[in-house]
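Asks: Return a 3D structure for these sequence lines:
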Amino acid sequence: MKPKKNKITEKTFSKSHIAYVKRLRRDKFLIIFFRIFLLVAFIGLWELLTATNVIDPFFISSPSRIMSQIVALAKDGTLLNHTWVTLYETLIGFAIATVLGYIIAVLLWWNEKVRKVFEPYIVVLNSLPKIALGPIIILWVGAGTNAIIMMCVLICIVITTMSMLSAFLSVEEGKILLLKSMNANKFQIFFKLVLPSAMPEFVSVLKINVGMSWVGSIMGEYLTSKAGLGYLIVYGGQIFKIDLVMAATVILCILAFAMYYFVSLLEKKYNPKTKA
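Replies: Predicted structure coming up:
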């Protein structure tokens, strides 16, 4: 005879647990609903106020005019080109800054003396306005894509280093002493204890770097660029074409949201608190 399979039914759980799960689902649905509602209401009100000339569309454009501008850019083939340029610069800068910042944090954690020597300089570098380094960056790596990527890296790398170093140092000393009492070397302590403990913070750093990398690439395009969404914003502002400025800004928001969404998928894996 085949063994009977255990079927999980509502009878398996208590009524309070079932009610709790239903309440979570209802709350999740309401949150999504109100997010969409607020966005639609904002766009609708914006369009209404500009269509009735309560607000002059010359200064803030309107959703319909922004959409028309995006369609026009798509038809003449410039939309894909400008979007790809900025996306490429952002992704490369994001990747370089994250990897280098993580490695530097590991090296500073590994050697306490080195950390004490370089930590004040890292703090000063973090407080320095990166836009002030723009002319120097152009002299170092030349104008164009390299300078923009460098600006993006400089903005993100210090944040990554400081955040990850703080996460490494926040591991409980008692756990480290326990591993040392079991004759674990520093390599084993890092990979068995420190690295897994810092993973939630690493995901948080990725989320921060998503926004900062877009800021860095746009700042770089403000300084030196011949293409990209930042270039469109600058060019649109120079000729007082707000529709072009707002269209590029909307595309930036969409790309930043998509990048943030992919990073948030990692957060659900490494941070149990976000799985609810």
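Asks: Residue 108: what's it in contact with?
Replies: Shown here is residue 108, whose contacts under the criterion Cβ atoms under 8 Å, 6 or more residues apart in numbering are 114-115, 118-119, 161, 165. Yep, even glycine has a C-beta here, placed from its N, CA and C like the rest.
Asks: of these, buried ones?
Replies: Among those, the ones that count as buried by 16 or more other Cβ atoms under 10 Å are 115, 118, 161, 165.
Asks: my read: the first one touches residue 168, true?
Replies: It stands for residue 115. No. Under the contact definition of Cβ atoms under 8 Å, residue 115 does not touch residue 168, with a separation of 9.9 Å.
Asks: Between these two, which contacts overlap?
Replies: Going by Cβ under 8 Å, 6+ apart, residues that sit against residue 115 and also against residue 168 are residue 109.
Asks: where does the chain have its least confident helix or strand?
Replies: Lowest on mean pLDDT, DSSP states H and E among the helices and strands of the chain sits helix 134-141, with a mean of 78.
Asks: Now do it: everything it contacts.
Replies: For helix 134-141, contacts defined as Cβ under 8 Å, 6+ apart pick out 147, 150-151, 154, 219-220, 223-224.
Asks: let's see it at 6 Å
Replies: The set of residues external to helix 134-141 that reach it, using Cβ atoms under 6 Å, 6 or more residues apart in numbering, is 147, 150, 223-224.
Asks: May I see the buried residues of that helix?
Replies: Taking 16+ other Cβ under 10 Å as the criterion, helix 134-141 shows 134, 137-138 as buried.
Asks: Check the offset of it from the chain's centre.
Replies: Taking the mean of its C-alpha atoms, helix 134-141 sits 25 Å from the chain's own mean (Cα atoms, centre = their mean, to the nearest Å).
Asks: likewise stretch 89-103?
Replies: Distance, centroid of stretch 89-103 to centroid of chain: 12 Å (Cα atoms, centre = their mean).
Asks: again, but for stretch 118-134
Replies: In terms of Cα atoms, centre = their mean, the gap separating the centre of stretch 118-134 from the centre of its chain is 21 Å.
Asks: what residues does stretch 35-45 touch?
Replies: Under the contact criterion Cβ under 6 Å, 6+ apart, stretch 35-45 has outside partners residue 63.
Asks: hang on, I meant stretch 109-120
Replies: Looking at stretch 109-120 with Cβ under 6 Å, 6+ apart, the contacting residues turn out to be 108, 168.
Asks: Give me the average confidence score over that stretch.
Replies: Here the mean pLDDT over stretch 109-120 is 86, rounded to a whole number.
Asks: swap in stretch 247-260?
Replies: When pLDDT is averaged along stretch 247-260, the result is 90.
Asks: and that stretch, which residues are buried?
Replies: Going by neighbour count (16+ other Cβ under 10 Å), the buried part of stretch 247-260 is 247-252, 255-256, 259.
Asks: From the chain's centroid, how far away is the stretch of helix or strand residue 231 belongs to?
Replies: Of the helices and strands defined by DSSP states H and E, residue 231 is found in helix 229-238. Distance, stretch centre to chain centre, for helix 229-238: 23 Å (Cα atoms, centre = their mean).
Asks: other SSEs contacting that helix?
Replies: Based on contacts counted as 3 or more Cβ pairs under 6 Å, 6 or more residues apart in numbering; DSSP states H and E, the elements that helix 229-238 packs against are helix 78-110, helix 199-223, helix 242-270.
Asks: starting at the chain centroid, how far to the longest one?
Replies: For helix 78-110, the separation from the chain centroid amounts to 11 Å (computed by Cα atoms, centre = their mean).
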